[in-house]
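> I'd like to go over a predicted model; first the sequence, then the structure.
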Amino acid sequence: MRIVCDRYIPFVAEAVRNEWPHVDICPLKPEEIDADVIREADVLIVRTRTKVNEALLAGSKVQLVCTATIGFDHIDTAYCESHGIRWISCPGCNAQAVCDYIEEAIEECLTAKRSYSATVLQPKAVLQRSDLTIGVVGVGHVGSLVAQMAERKGMKILLNDPPKGIGVSLDFIAQNCDIITFHVPLDNSTYHLCNEAFLAKCKPGALIINAARGGVVDEQALLQSGHPYILDTWENEPDINADVLQKAELASMHIAGYSVEGKRNASQMCLDTIAEQFNLPKISNLHSPISNEKGDSAPGWISRISASLKANPTAFEALRKSYPLRGV
């Protein structure tokens, strides 16, 4: 049995070598994963940087594709399903890490030189968290945690999740919220969900946050709207728009969910699925040197990332790869 995996997914290679010695594990850089190297593979484990489609899979032995991420818009699921290839993502694996990012991002903005209030920008001294209404668009694993966090801070909360039959309309969110944060998958129904028409309905000074998927927000419309914004996910990653980057209140390189615990959870989900499908013993208690790593999580950490990215806009991917995971 052979597994090809993205080498930047922690825990997996070490666990397989220690617990499944008869399994051939081949960790590669994302750019090295191509049709030739996976031709004899049974399992493929990837992140968002690998496009899993007919061009990659045709003629291969792959039976299972695991993405160690919440989102799966990089996988041609229709092709997989029509060719008997099982695929899984890891919903909820890094939900707490993304929620922590949203909390920190909001706090950093609210404690900056000006703060967002119900109708206008006010000096931070007069603003209370209870003055704010936050709109959470998408109430899944991440969105539900963000709503709980906002409630603890005393914010008023409006929810929007039509597939779940939850909350109010997008128009109502736009017209009544001081902060709007998106936590939806990227598909045909959510592409440019935050667009020119939506932004035109938003309250003056409303803060827009996207840590879901690039493409959920129309970045050109956002840039032209004059609304303050925070972006962790971008259209056309890693070749992001320099103007959009420079105008952001805070910007990061798709690392909102990058915590030790989030990575461990995703790797565990992938390994559990492989064990179940191929009748292998379950691997538990994943161990790796990464478990002792502590990334920057002191107050202001997103501002420091933002400054680094703005100073090196073409280094998006390099900065992302070298990002030290935040501890738990």
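Great, that's in hand.

> partner residues bridging Leu28?
In this structure, Leu28 bridges to Asp6 when assessed by DSSP bridges.

> May I have the residues that are in contact with it?
Leu28 makes contacts with Val4, Cys5, Asp6, Arg7, Val37, as judged by Cβ atoms under 8 Å, 6 or more residues apart in numbering. From N, CA and C alone the C-beta is placed, and that goes for glycine too.

> Between the residues you listed, which sits nearest Ile240?
Asp6 (20.9 Å; Cβ to Cβ).

> That closest one touches Leu44, doesn't it?
No - between Asp6 and Leu44 there is no contact under Cβ atoms under 8 Å: 9.1 Å.

> out of those two, which sits in the more crowded spot?
Each of Asp6 and Leu44 has its neighbours counted (other Cβ atoms under 10 Å); Leu44 has more, 27 against 21.

> Who are the packing partners of the helix or strand where that one lies?
Secondary structure assignment for Leu44, by DSSP states H and E: strand 43-46. With contacts taken as 3 or more Cβ pairs under 8 Å, 6 or more residues apart in numbering; DSSP states H and E, strand 43-46 sits against strand 2-6, strand 64-67, helix 260-278.

> Make TSV from these and add distance to Gly226 and mean pLDDT to it.
Listed next are these as TSV, based on distance: least, Cβ to Cβ, whole Å; pLDDT from 0 to 100:
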stretch	distance to Gly226	mean pLDDT
strand 2-6	39	98
strand 64-67	36	98
helix 260-278	34	96
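
> Highest mean neighbour count out of the ones you listed?
Mean neighbours per residue, mean count of other Cβ atoms under 10 Å, is largest over these for strand 64-67, with a mean of 25.

> Adjacent strands (with direction) for that one?
strand 43-46 (parallel), strand 86-88 (parallel).

> Identify each buried residue in the longest one, please.
Of the residues in strand 43-46, Val43, Leu44, Ile45, Val46 count as buried by neighbour count, 16 or more other Cβ atoms under 10 Å.

> Now do the contacts for Gly133.
That one is not Gly; residue 133 is Thr. Ala118, Met155, Lys156, Ile157, Leu158, Asn176, Cys177, Asp178, Ile179.

> Quick check: chain neighbours aside, which residue is closest to it?
Lys156 (4.1 Å; Cβ to Cβ, 6 or more residues apart in numbering).

> Out of the contacts of Thr133, grab the one that's most surrounded.
Result: Cys177 is most packed of the contacts of Thr133 (other Cβ under 10 Å), 27 neighbours.

> Just confirm Met253 contacts Ala318, I think it does.
No - taking contacts as Cβ under 8 Å, Met253 lies outside contact range of Ala318: 9.0 Å.

> Looks to me like His254 is in a strand.
No - His254 is assigned coil when assessed by DSSP: H, G, I helix; E, B strand; the rest coil, not a strand.

> And the pLDDT for it?
Predicted confidence (pLDDT) for His254: 96.

> Just to check, it is in contact with Arg320?
Yes - taking Cβ under 8 Å as the definition, His254 is a contact partner of Arg320 at 6.1 Å.

> all helices for the stretch 151-300 of the chain, in order.
Listed from the start of the chain, the stretch 151-300 of the chain has helices (DSSP state H, counting those that start in this stretch) covering 170-176, 196-201, 219-225, 242-247, 260-278.

> Determine which of these approaches Ile85 most closely.
helix 260-278 (11.4 Å).

> which parts of the next helix or strand after the closest one are buried?
Later in the chain than helix 260-278, the nearest helix or strand by DSSP H and E is helix 301-311. For helix 301-311, a neighbour-count test (16+ other Cβ under 10 Å) marks Trp301, Ile302, Ser303, Ile305, Ser306, Leu309 as buried.

> which helices and strands sit right next to the helix or strand hosting Ala150?
Ala150 belongs to helix 141-152 when assigned by DSSP H and E. Judged by 3+ Cβ pairs under 8 Å, 6+ apart, the packing partners of helix 141-152 are helix 95-110, strand 133-137, strand 156-161.
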